[in-house]
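Asker: the sequence isn't on hand, but the structure is:
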C-alpha cells in the first residue's frame, strides 16, 4: 500500500491572486514553506504537488522540482479528477491532502490520518471542528475512483459532499485531536489579504519556520486576542 501527501495548489486564486508566491518569512514563499512543512511528515511515502495544466502554474512546478517532490498537472476546474490522475500516475492507494494555502497544517495529523484510514479500513477522514487550516482530508483511492464515476459536475471545489452526503462510503473524523485544536475563534488558512497580514506577524513573532509549533501560535494569539480580529471575520465568507 502506497501512501502520499497531495499538495493542492494553483496560481489562479481569485480572492488573493498568486498567493502561492507571497513571501511568508525571509525569502521563503508560501508554496516553498508548505512543501518544506510537508517534508516533516514521517508516514508519507511521497509528496506530490497537484496543480493544473495552465501555463501560470509552471511556477509551482518549478518550485516543486527545486525541492525534489513529484508533480502532477491535470484539470483546471476538477480537483477530484486531478487527484485521481495523480493516484494513477504514482500508484497511490491512500492520500492525505494539504492545501497550498495552509502553512500551519500539522504534519502529525497527516501521519495519524494515514495510519487511521489504513488500520480502520475507511474511505474518508475529515475533522470539521478543527481550526481552519490545520487539517483537510484523507482519502482512499478506491473511494475517489467511485466518486469520479458518479459525480455530476466538473466543479469539485466543494468535493467533500460526494463522500459525506451520498451514503456510499465509510467515514470517520480524525482521532485523538487535542481540544487545543478544536476551536472556532482562530483562522489559520490563507485566502484573503487579512490572512496574509496575520501570518506575517505570526512568522515574525514565533520561531520555527517550516517547523513552527502551532501550539505556540495558538498561545500567542490567546495572549494577543486583538490579532484574531484581523482575519476571523473572513471565516464565514
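Answerer: Thanks, I have the structure now. Small disclaimer: the values here were computed from a predicted structure and weren't measured. Numbering: from 1, shown residues only.
Asker: what pLDDT does the model give the residue nearest to residue 77 when sequence neighbours are not counted?
Answerer: Nearest residue to residue 77 in three dimensions, chain neighbours excluded: residue 154, at 5.2 Å (C-beta to C-beta, 6 or more residues apart in numbering). From N, CA and C alone the C-beta is placed, and that goes for glycine too. On the pLDDT scale, residue 154 is placed at 70.
Asker: would you agree residue 154 is in contact with residue 76?
Answerer: No. At 9.2 Å, residue 154 does not count as touching residue 76 under the criterion of C-beta atoms under 8 Å.
Asker: and the two? Which one has more around it.
Answerer: A count of neighbours by other C-beta atoms under 10 Å puts residue 76 above the other of residue 154 and residue 76, at 15 against 12.
Asker: run through the bridge partners of the nearest residue to the more buried one once chain neighbours are set aside.
Answerer: Excluding the flanking residues, the one nearest residue 76 by C-beta to C-beta, 6+ apart is residue 52, at 4.4 Å. Counting by DSSP bridges, residue 52 is bridged to residue 74.
Asker: contacts only, for residue 52.
Answerer: Residue 52 makes contact with 10, 12, 73-76, 82, according to C-beta atoms under 8 Å, 6 or more residues apart in numbering.
Asker: check residue 22 too.
Answerer: Counting by C-beta under 8 Å, 6+ apart, residue 22 has contacts 16, 29-30, 190, 196.
Asker: which of those sits closest to residue 133?
Answerer: Within the contacts of residue 22, proximity to residue 133 (C-beta to C-beta) peaks at residue 190, which comes in at 7.6 Å.
Asker: what residues are up against that closest one?
Answerer: By C-beta under 8 Å, 6+ apart, the neighbours of residue 190 are 16, 19, 22, 30, 101-103, 133, 196, 199.
Asker: ok so it is a strand residue?
Answerer: No. Per DSSP: H, G, I helix; E, B strand; the rest coil, residue 190 lies outside any strand segment and is coil.
Asker: return the distance of it relative to residue 16.
Answerer: Distance from residue 190 to residue 16, counting by C-beta to C-beta, to the nearest Å: 7 Å.
Asker: any common contacting residues for these two?
Answerer: The overlap between the contact sets of residue 190 and residue 16 (C-beta under 8 Å, 6+ apart) consists of 22, 196.
Asker: before we move on, the earlier item: which one of the contacts of residue 22 has the most neighbours?
Answerer: Within those, most neighbours by other C-beta under 10 Å means residue 190, with 28 neighbours.
Asker: show me where this protein has its helices.
Answerer: 30-38, 58-66, 79-90, 107-119, 141-150, 160-164, 193-205, 214-223 (DSSP state H).
Asker: Throw these into JSON lines and include distance to residue 44 and mean pLDDT, thanks.
Answerer: As requested, the helices of the chain are exported to JSON lines (distance: least, C-beta to C-beta, whole Å; pLDDT from 0 to 100):
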{"stretch": "helix 30-38", "distance to residue 44": "8", "mean pLDDT": "98"}
{"stretch": "helix 58-66", "distance to residue 44": "15", "mean pLDDT": "97"}
{"stretch": "helix 79-90", "distance to residue 44": "12", "mean pLDDT": "96"}
{"stretch": "helix 107-119", "distance to residue 44": "7", "mean pLDDT": "97"}
{"stretch": "helix 141-150", "distance to residue 44": "14", "mean pLDDT": "95"}
{"stretch": "helix 160-164", "distance to residue 44": "21", "mean pLDDT": "86"}
{"stretch": "helix 193-205", "distance to residue 44": "24", "mean pLDDT": "97"}
{"stretch": "helix 214-223", "distance to residue 44": "19", "mean pLDDT": "98"}
